[in-house]
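Trainee: One predicted model, sequence on top.
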Amino acid sequence: MIRLERVTKIYSDGTEAVREVSLEVERGELCVLLGPSGCGKTTTMKIINRLICATSGKIYIDGMENTSINENELRRNIGYAIQDIGLFPHMTVGENIGTVPALKGWPKARRRKRAKELLELLRMNPVDFIDKYPRELSGGQRQRVGVARALGGDPPILLMDEPFGAIDPITRVDLQNEFLKIQQELQKTIIFVTHDIYEAIKMGDKIALMKEGRIVQYAPPADLLYRPRDEFVAGFVGADRGLKGLQLIRTKEVMWRSPPTTKPDEEVMAARERMEREGIDWLAVVDDEGRFTGWVLSSHLEEGRKVKDIMSTSAITATRNAVLSEALSLMLTSGPNVLAIVDRSNRLEGVLTLQAIQNALREAAQKEESQ
Amino acid sequence: MLEAYQFVSRHPEMLAKWAVDHLWISLVAIGIGAVLGITLGVFITAKGREPMAEVVLYFAEIMMTVPSLAFFGLLMLLLSHIGLSAIGFLPAVITLILYGQLPILRNTCTAIRQVDPALIEAGRGMGMSQRQLLFKIKLPLALPVIMAGLRNAMVLIIGITAIAALIGAGGLGVPIFRGLRNARMDLIIIGGVSVSILALLVDGLMAMLERWITPRGLRG
């Protein structure tokens, strides 16, 4: 889908920003350009849509050289999202999302319809937001609109330069997860620039780690973690591969499906029996609709009472698509060494235990080493 | 003061004529000056024309330091040399247009340069042509500041128009100079106060216009 052949960029002052970079990204793949600042990752990205022109080398998009197409035409078919978001402050959310469609000459009604679809896709209520101006939005909402705008003209390719850079860590994690879900559905071919190794491991199908204008290693995230090509890669990945590996696994892969539960009205005796039978020191408490409400812990058991009298209510939960690192940090704040995994309406889907995380990590490491 | 009041109540038509003449000269000058100044301002702000912008703004600044009276005289010589009317409306308007250029040019340049580079980058990355960038992004965002420059120029022009009476252009300068020649305090007051009122009025109207044309998303 995208192929770079020995692309080099030398500025007029002699700085070599990109040296002989060759890269191939398959259709529907998310390729992360990763590296410290000044490594040439953003330059490489901008050479693809010709915001920067290469000194030498060739770029093919769908087999066609990118210089063979009119540059504005080319860019209208490549979605573009930048770190500063760059929403036009004098245009409404709807008009911002409709920028590329307008440039492509779509009629107004169709642009508006498209904007509504995209707002819905990014979980923003179209009725509330379509006629708002950027300054009326929060940082996270702006970033969503920035992504929606990049998708405006339904381009097959997206270029994203630290698209989740300008927001707080919690909102960033949410947006990353939602974006991955959207990407599963849309299957765009994406070049994603970041300097954040955690983000790279989580988002990328493949990662191109860059240093001083060159690609040092281009591989799937697990390879980068467990089989670094040289010391630079190993150093960049860091000593804590175990922790970073947590970014590669999702809770749904390791959670305990249909875990033992209890109800608020149950006798404590019955609950204790179930714990002993399962060999665990916790039970998830769910209401009649199956919604998670809290935990009963073996250390708090008192004879002759109901579960609701001794349970500790808890609102700390994760979804099945959360990666293990997020789940682990939630678990550490939730108290018990267990975490409830719930769906959108807070119904219990499973339970994640510390043991399960350890097992998953051990397996992953063994699998990588045996290959 | 009383004489001035009596004069106005006896000859309201004269005051009206002077005021209308004055306003008309100023409006023609600001109209042409705006088109000229904004176009030139946009032109010299384009990438790679920074040296040109320096030179143009420098000349506009020098222009402001030349006494308007001297300039009227210079222009009279020049116009009569090329066979055009050396007195009245034409030289007045030409001078006023030139005097109005500095605030218009300066504000146009500043406003366009101030547009957030991230917005230009986003626009370019989405496939906007230079012309689309100008009309869809740069100009709408620059509009409030350009408008402030126009207001500035307009007040300046209304003031200088009073001097244009010396070269026979009419307007509220007529009673002022007539009063000066004949030691008629009432006429000087009528002319002076009217110019001030006119300037304040037009400034207020343009402030409203400025607010009205500011894109909704930018209003505080």
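Mentor: Everything's here; your move. Numbering: from 1, shown residues only, chains lettered A, B, ... in the order given.
Trainee: Please name the nearest non-neighbouring residue to residue 142.
Mentor: Let's take chain A. A:I85 (5.3 Å; Cβ to Cβ, 6 or more residues apart in numbering or on different chains). Just so you know, the C-beta spots here come from the backbone N, C-alpha and C atoms, and that holds for glycine as well.
Trainee: Oops, wrong one, chain B.
Mentor: Nearest to B:A142 is B:A111, by Cβ to Cβ, 6+ apart, at 3.4 Å.
Trainee: quick one, phi/psi of the spatially most central residue of chain A?
Mentor: By Cα atoms, centre = their mean, the mean C-alpha position of chain A lies nearest to A:Q176, the distance being 2.7 Å. As for A:Q176, its main-chain torsions (degrees, to the nearest 10) stand at phi -60, psi -50.
Trainee: so it makes contact with A:P163?
Mentor: No - A:Q176 is beyond contact range of A:P163, at 9.6 Å (criterion: Cβ atoms under 8 Å).
Trainee: residue contacts, the closest residue to chain B within the stretch 101-250 of chain A?
Mentor: As assessed by Cβ to the nearest Cβ, chain B sits closest to A:Y133 within the stretch 101-250 of chain A, at 3.5 Å. By Cβ atoms under 8 Å, 6 or more residues apart in numbering or on different chains, the contact list for A:Y133 reads A:89-93, B:216-217.
Trainee: for A:R347, same thing?
Mentor: Contacts of A:R347 (Cβ under 8 Å, 6+ apart): A:286, A:289-292.
Trainee: Same question for the residue sitting furthest away from the middle of chain A, what's its three-state structure.
Mentor: Within chain A, A:G304 marks the point farthest from the mean C-alpha position, 47.4 Å out by Cα atoms, centre = their mean. The local conformation at A:G304, judged by DSSP: H, G, I helix; E, B strand; the rest coil, is coil.
Trainee: and the residue lying closest to it once chain neighbours are set aside, what does it touch?
Mentor: Of all residues not flanking A:G304 in the chain, A:V268 sits nearest, at 7.2 Å (Cβ to Cβ, 6+ apart). Going by Cβ under 8 Å, 6+ apart, A:V268 touches A:296, A:301-307, A:309-310.
Trainee: Could you turn the buried ones of the residues you listed into a PyMOL selection?
Mentor: The PyMOL command for the buried members of these (criterion: 16 or more other Cβ atoms under 10 Å in any protein chain shown) is given here:
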select buried, chain A and resi 296+301+307
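Trainee: can you name the two of the contacts of A:V268 that are farthest apart?
Mentor: By the measure Cβ to Cβ, A:V296 and A:G304 form the most distant pair in these, at 14.7 Å.
Trainee: did I read that right, A:P155 in a helix?
Mentor: No - assignment of A:P155 by three-state DSSP gives coil, placing it outside any helix.
Trainee: so how many other residues sit close to it?
Mentor: For A:P155, the count of nearby residues is 19 (other Cβ atoms under 10 Å in any protein chain shown).
Trainee: Setting aside sequence neighbours, what's the nearest residue to it?
Mentor: Nearest one to A:P155, counting by Cβ to Cβ, 6+ apart, is A:G79 at 4.3 Å.
Trainee: Alpha carbons of the helix or strand containing the one you found, in CSV - could you do that?
Mentor: A:G79 belongs to strand A:78-81 when elements are defined using DSSP states H and E. Taking C-alpha atoms only, strand A:78-81 is exported to CSV below (Å, rounded to 0.1, in the frame of the first residue of the first chain):
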residue,chain,number,x,y,z
ILE,A,78,-4.5,10.9,2.8
GLY,A,79,-6.0,11.7,6.1
TYR,A,80,-3.8,13.9,8.3
ALA,A,81,-3.9,14.4,12.0
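Trainee: which residues make contact with that strand from outside it?
Mentor: A:48-49, A:61, A:100, A:146-147, A:149-153, A:155, A:157-161, A:163, A:188, B:122, B:125-126.
Trainee: I'd like to know which of these are part of helices.
Mentor: A:48, A:100, A:146-147, A:149-150, B:122, B:125 (DSSP state H).
Trainee: which one of those sits closest to A:T67?
Mentor: For the ones in helices among the contacts of strand A:78-81, the nearest to A:T67 is A:I48 (11.3 Å; Cβ to Cβ).
Trainee: Can you name the residues of the stretch 1-150 of chain A that neighbour chain B?
Mentor: Applying Cβ under 8 Å from any Cβ of the partner chain, one finds that the stretch 1-150 of chain A approaches chain B through A:49, A:51, A:71-77, A:80, A:82, A:84-92, A:99-100, A:103, A:133-135, A:149.
Trainee: Tell me which residues of the longest helix seen in chain B come out buried.
Mentor: When chain B is parsed with DSSP H, its longest helix is helix B:12-45. Buried positions in helix B:12-45, judged by neighbour count with 16+ other Cβ under 10 Å: B:15, B:18-19, B:21-26, B:28-30, B:33-34, B:36-38, B:40-42, B:44-45.
Trainee: just stretch A:353-366 next, same as before
Mentor: A:353, A:356-357, A:360-361, A:364.
Trainee: Many thanks, we can stop here.
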